[in-house]
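Enquirer: here are the coordinates; sequence isn't available:
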């Protein structure tokens, strides 16, 4: 199971495209939020929380996705979210992120020495967290898979599925 | 190239998920509309017309997708859209549709004797057009691939890619 983190004003396609692409490849990918509500995307697409955070056992996750939009600005403030990220990353599970999603990874303190991409808007934050920022549609560095913007989603989806196929 | 038909109040994910899934598999899938504007999805996601209808040569299309939302109610009134559908279907190119998309295929007059699915909301219209309606996440009948609703998109995407792989 891959947990996809959602919150208020999530980026609509950055949540739904990877969710459906992972499900198409046979990996359950529930939308995980702090409470059981329905969030609206930045553009308005409704996303029901399918699992609330307290229902998720990080030890049972094959990976976690931190998509973009404005949701990461809220999610990075929640210690339980940051613990989940650290636990999955600590044992080498898949950590996928796109656009503004790396804000959460910065606050989880897991980016030092890593290579990744993001929206150019947070490039400075990513570099100040000790990471190397790369301008490419998708960057895979160990268990960390990252992309820049929605138009990179086709490449992002294939990289996630590829990583999971190599780490069954 | 697979033309994805868009118009006002298109269903956001039914356009963007197949577009990105097809592109991930190596098939260009431009958003095609009657004019060069940007349409808003039913939920608000903006979609720029990437090719206007008069720039598309139906003879060069490997297929056409008719997604749902309210856009089909407008698109089915345009003779040029219906001609495009008939031309692609007539030579056995891929015709994909989901949700309310079959409204366009009904007006193109191509459904008699075919098997397909759709949103249950237009089941009667589909049957009255002479087709057999099936309740399944995805139905492939020759060159016609159909699904019901957004949650069927993972299966829909794989069926489209699978069909194209078998008809290179």
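Expert: Now that the structure is in, tell me what you want to look at. No experiment lies behind these values; they were computed from the predicted model shown.

Enquirer: Please name the spatially closest residue to the residue most central in space within chain A (chain neighbours excluded).
Expert: With distances taken as Cα atoms, centre = their mean, residue A:66 lies nearest the centre of chain A, 1.8 Å away. Leaving aside its sequence neighbours, residue A:66 sits nearest to residue A:101 (Cβ to Cβ, 6 or more residues apart in numbering or on different chains; 3.7 Å). To be clear about C-beta, it is placed using only N, CA and C from the backbone, and glycine gets the same treatment.

Enquirer: Does the one you found touch residue A:73 like I think?
Expert: No. In this structure residue A:101 lies outside contact range of residue A:73 using Cβ atoms under 8 Å: 10.8 Å.

Enquirer: Just want to know which of these two has more residues nearby.
Expert: The residue with more neighbours, out of residue A:101 and residue A:73, is residue A:101; 29 against 14, by other Cβ atoms under 10 Å in any protein chain shown.

Enquirer: which residues touch the more buried one?
Expert: Residues near residue A:101 by Cβ atoms under 8 Å, 6 or more residues apart in numbering or on different chains: A:14, A:65-68, A:72, A:118, A:146.

Enquirer: Compile the residues you listed into JSON lines and extend it with columns for pLDDT.
Expert: Below are the contacts of residue A:101 laid out as JSON lines (pLDDT from 0 to 100):
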{"residue": "A:14", "pLDDT": "98"}
{"residue": "A:65", "pLDDT": "98"}
{"residue": "A:66", "pLDDT": "98"}
{"residue": "A:67", "pLDDT": "98"}
{"residue": "A:68", "pLDDT": "98"}
{"residue": "A:72", "pLDDT": "97"}
{"residue": "A:118", "pLDDT": "98"}
{"residue": "A:146", "pLDDT": "98"}
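
Enquirer: now the nearest residue to residue A:123 once chain neighbours are set aside: how far from chain B?
Expert: Nearest non-adjacent residue to residue A:123, counting by Cβ to Cβ, 6+ apart: residue A:133, 5.0 Å away. Distance, residue A:133 to chain B, by Cβ to the nearest Cβ, to the nearest Å: 24 Å.

Enquirer: what residues does chain A put near chain B?
Expert: Listed as neighbours of chain B in chain A under the rule Cβ under 8 Å from any Cβ of the partner chain: A:12-13, A:16-17, A:20-21, A:23-24, A:41, A:43-46, A:153-155, A:157-158.

Enquirer: which residues of chain A fall in strands?
Expert: Secondary structure of chain A (DSSP state E): strands located at A:2-5, A:31-33, A:38-40, A:46-48, A:51-52, A:63-66, A:94-98, A:115-116, A:132-133, A:138-141, A:144-147.

Enquirer: for the second one, packing partners?
Expert: Using 3 or more Cβ pairs under 8 Å, 6 or more residues apart in numbering or on different chains; DSSP states H and E as the contact test, the elements touching strand A:31-33 are strand A:2-5, strand A:51-52.

Enquirer: who's in contact with residue A:22?
Expert: A:2, A:28-29, A:157, A:160-161, A:164.

Enquirer: Going through those residues, which ones are buried?
Expert: Among these, those classed as buried by neighbour count (16 or more other Cβ atoms under 10 Å in any protein chain shown) are A:2, A:29, A:157, A:160-161, A:164.

Enquirer: now stretch A:49-64: mean pLDDT?
Expert: For stretch A:49-64, mean pLDDT rounds to 96.

Enquirer: where do the helices sit along chain A?
Expert: Taking DSSP state H, the helices of chain A run over residues A:12-24, A:71-75, A:79-90, A:102-108, A:123-128, A:153-166.

Enquirer: Ok, which of the ones you listed comes nearest residue B:168?
Expert: Residue B:168 sits nearest to helix A:153-166 of all the helices of chain A, at 19.1 Å, using Cβ to Cβ.

Enquirer: Any buried residues in that closest one, and which?
Expert: A:153-161, A:163-164.

Enquirer: what's the angle between that helix and helix A:12-24?
Expert: 30 degrees (axes from the mean of the first three to the mean of the last three Cα atoms, to 10 degrees).

Enquirer: Now do helix A:153-166: everything it contacts.
Expert: In contact with helix A:153-166 (Cβ under 8 Å, 6+ apart) are residues A:2, A:13-14, A:17-18, A:21-22, A:25, A:27, A:62-63, A:65, A:94, A:96, A:98, A:137-138, A:140, A:143, A:145, A:147, B:20-21, B:23-24.

Enquirer: How far does it sit from its chain's centre?
Expert: Offset of helix A:153-166 from its chain centre (Cα atoms, centre = their mean, to the nearest Å): 13 Å.
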